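[1] Provided below are the primary sequence and the corresponding predicted coordinates.
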Amino acid sequence: MIERLYLYFELNKIIVLAVYAQVYFTLALVVLLQWRQESGLELARSVPYLSAFALAMALVIWGDIFIPFQEVYLPPSAVRILRAVQVGLLVVGFCSLLYFGIQLNWNTSWICRIPPVLALGGLIFAVATTVAGMDPAVQRMRAEQFGRLFVVYPGSFTAAWGLRGQAEKIEALGLPSYIVDWLRVAGFSFGAYAIFGGILIPLTPTGTTILESTLGIPVAIPRSVVVAVLAFAMLRALSIFRYELQRLIAEMGRAQALAADRQRIGRELHDGTIQAIYGAGLMLQHTLHLIREDPDKAEANIRAIMNSLNQTIADIRRYIYDLASGEGELEERLSQLTAEMRSQTGMTIDYRIEGKPPRLSETVQEHIFQIVREALTNAHKHSGGDHVTVLLRSDADALRIVVSDNGRGLPPGGPLRPGGQGVPNILSRAQLLGGRASIRSRTGGGTVVEVEIPYLNTSIWQPSPHPMSNNGDRQGASHETPAHPSG
């Protein structure tokens, strides 16, 4: 049985090596594409070394496929140089893995010097043995025997321990739980790689390990499985960089809104309250000259000034109350909702606010909140996509809520399903607000849920003593529900 397995894998050696190289290359590509240099997380400073390790290993394995074909055309000296370069890449890859593990756990200068020193020693070994004429197969075996035991083995375990620590830190930050879970899976994968990639060393110049000699299975098989699991785990876990970017964008949006509010408050205080107080001051100056000349008129002026100041004080109190109780409630609730859905579903959810939405009553806020919740739930359950955009936009004539995903779109029968209550609830809530709703597939794939609530129905808006500002132009859209019936 063992001999048959050995023969089977020997006949399919090229396929095994091709898959083996591909999983390493996939890991390198996944990590590099997910990495964000501008991230403030500790994980960001070490991730490039994991990508360097995987890319170097992919190149080494591809060399095992292509160099033998070149032996027919190239002189032995050129082939020897290619094999030496291959050993050099192996050394760089091993040391990059060790550096990745060290960076996850420590940032002290002396320990960070160990991988570069080992890499320099390995490169010197590759050059010296090539010049001395050592058999390339023996050269490769010696490099792997030392490198896997003394570099890959500790590097894998330090990487596993470091990812465990990163998972605990990220969990303490309150970030999505799925990121923490996948970081732990990646840590366990590195623990497995320490066994299959560190302990199982080649025992012969042909690369035979104890696994192959006892079971007939090349070590490339379990290593490929471990690296494939690691690649998927890192793909999921490193979405933390994208999540971090989304939070940064949301914070910038809130900062922008805060700056706009400060400008508006300053403008309204200057144009209203300060002008009223300034006018009262002018009247007091005029009244000061009337106290002796015309006491009755001076008294009447003082009473008028007192009434004006009392009205100004009442306006200021009402304005402060409106700022404390009305503005930003819906925006903040939707921000919390999208954050919760990101954590629960693992989907990428972008939340944007355009214009300045008006103050809303609690009833209206609850209807809009439930509409967005239902749309997000449907996108997660039925769309098959992984990216959703939530837009709250205040146009000149209406408040618009748009939830769009990148999934498969609506089924042939439309959005209404037998027994389903989600879509009817969205439509009925839009009607209760005097608005209209549209649920449609969009060009290029995905579903769009759009709700329009006109400002004409003034009974649904919370009264405000200050004028409401809106931005944007009205854009036409098709709607499935009729306008709110009149009469």
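    Arrived safely.

[2] Pop the domain breakdown of this protein in here.
    As assigned by automatic domain parsing, the chain contains the domains 2-237, 263-325, 329-460.

[3] just for the stretch 351-487 of the chain, where's the confidence low?
    The model of the stretch 351-487 of the chain has pLDDT under 70 over residues 413, 416-420, 456-487.

[4] in the stretch 101-250 of the chain, which spans are helices?
    Counting by DSSP state H, counting those that start in this stretch, residue ranges of the helices within the stretch 101-250 of the chain are 109-112, 114-132, 136-147, 153-172, 177-193, 210-215, 220-237, 239-268.

[5] quick one: low-confidence parts of the stretch 51-200 of the chain?
    For the stretch 51-200 of the chain, the stretches flagged by pLDDT under 70 are 174-175.

[6] Report the rounded mean pLDDT for the strand or helix carrying Leu32.
    Here Leu32 sits within helix 13-34, counting by DSSP states H and E. Per-residue confidence for helix 13-34 averages out to 93 on the pLDDT scale.

[7] what angle sits between the next helix or strand after that helix and helix 220-237?
    Note on helix 13-34: by DSSP H and E, the next helix or strand toward the C-terminus is helix 43-70. Counting by axes from the mean of the first three to the mean of the last three CA atoms, to 10 degrees, helix 43-70 lies at 150 degrees to helix 220-237.

[8] Quick one: work out the angle between helix 43-70 and helix 153-172.
    140 degrees.

[9] Kindly calculate the angle that helix 43-70 makes with helix 114-132.
    Orientation of helix 43-70 against helix 114-132 (the same axes, to 10 degrees) gives an angle of 10 degrees.

[10] Can you spell out which helices and strands pack onto helix 43-70?
    Packed against helix 43-70, as judged by 3 or more CB pairs under 8 Å, 6 or more residues apart in numbering; DSSP states H and E, are the following elements: helix 13-34, helix 76-105, helix 153-172, helix 220-237. For every residue, glycine as well, the C-beta is placed using N, CA and C.

[11] For Leu410, give its distance to Arg442.
    Applying CB to CB, to the nearest Å, one obtains 10 Å for the distance of Leu410 from Arg442.

[12] Show me what Leu392 is bridged to.
    With DSSP bridges as the criterion, the beta-bridge partners of Leu392 are Ile353, Ile401.

[13] what about Leu41, how many neighbours?
    Other residues lying near Leu41 total 16 when counted by other CB atoms under 10 Å.

[14] go on, Phe9?
    For Phe9, the count of nearby residues is 17 (other CB under 10 Å).

[15] got it, and Asp395?
    Asp395 sits with 18 neighbouring residues when counted by other CB under 10 Å.

[16] Equivalent analysis for Gln34, please.
    Other residues near Gln34 come to 18 when the count uses other CB under 10 Å.

[17] Now it. Nearest residue, chain neighbours left out?
    Across the structure, with CB to CB, 6 or more residues apart in numbering as the measure, the residue nearest Gln34 apart from its sequence neighbours is Leu238 (3.6 Å).

[18] now Thr206
    Ala137 (7.0 Å).

[19] Verify the contact between that neighbour and Glu144 for me.
    No - checked against CB atoms under 8 Å, the pair Ala137 and Glu144 is beyond contact range at 10.8 Å.

[20] Just to check, Val451 is in contact with Ser428?
    No - here Val451 lies out of contact with Ser428, judged by CB under 8 Å, at a distance of 11.6 Å.

[21] More neighbours: which of these two?
    Here Val451 and Ser428 are set side by side on neighbour count (other CB under 10 Å), and the busier one is Val451, at 27 against 14.

[22] With just CA atoms, put the helix or strand that that one is a member of into CSV.
    Remark: Val451 resides in strand 447-454, with elements defined by DSSP H and E. Taking Å, rounded to 0.1, in the frame of the first residue of the first chain, the C-alpha atoms of strand 447-454 are listed here in CSV:
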residue,chain,number,x,y,z
THR,A,447,-30.5,44.8,-4.9
VAL,A,448,-31.5,48.4,-4.1
VAL,A,449,-34.0,49.3,-1.4
GLU,A,450,-34.9,53.0,-1.6
VAL,A,451,-37.3,54.9,0.6
GLU,A,452,-38.4,58.5,-0.1
ILE,A,453,-40.2,60.5,2.6
PRO,A,454,-41.3,64.0,1.3
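
[23] Neighbouring strands of that strand in the sheet, and parallel or not?
    With DSSP bridges as the test, strand 447-454 pairs up with strand 398-405 (antiparallel), strand 436-441 (antiparallel).

[24] In TSV: those, plus distance to Asn12 and mean neighbour count.
    Formatted as TSV, these follow (distance: least, CB to CB, whole Å; neighbours: other CB atoms under 10 Å):
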stretch	distance to Asn12	mean neighbour count
strand 398-405	42	23
strand 436-441	45	20
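
[25] closest to His382 out of the ones you listed?
    Counting by CB to CB, His382 lies closest to strand 398-405 out of these; the figure is 9.4 Å.

[26] Now do that closest one: distance to the chain's middle.
    How far strand 398-405 lies from its chain's middle: 22 Å, per CA atoms, centre = their mean, to the nearest Å.

[27] and if you look at stretch 224-239?
    On the basis of CA atoms, centre = their mean, the separation between the geometric centre of stretch 224-239 and that of its chain is 17 Å.

[28] what does stretch 218-232 give?
    Between the mean C-alpha location of stretch 218-232 and the chain-wide mean there is a distance of 26 Å, by CA atoms, centre = their mean.

[29] same thing with stretch 154-172?
    Using CA atoms, centre = their mean, the distance from the centre of stretch 154-172 to the centre of the chain it belongs to is 20 Å.

[30] now do stretch 103-120
    Between the centre of stretch 103-120 and the centre of its host chain there is 30 Å, according to CA atoms, centre = their mean.
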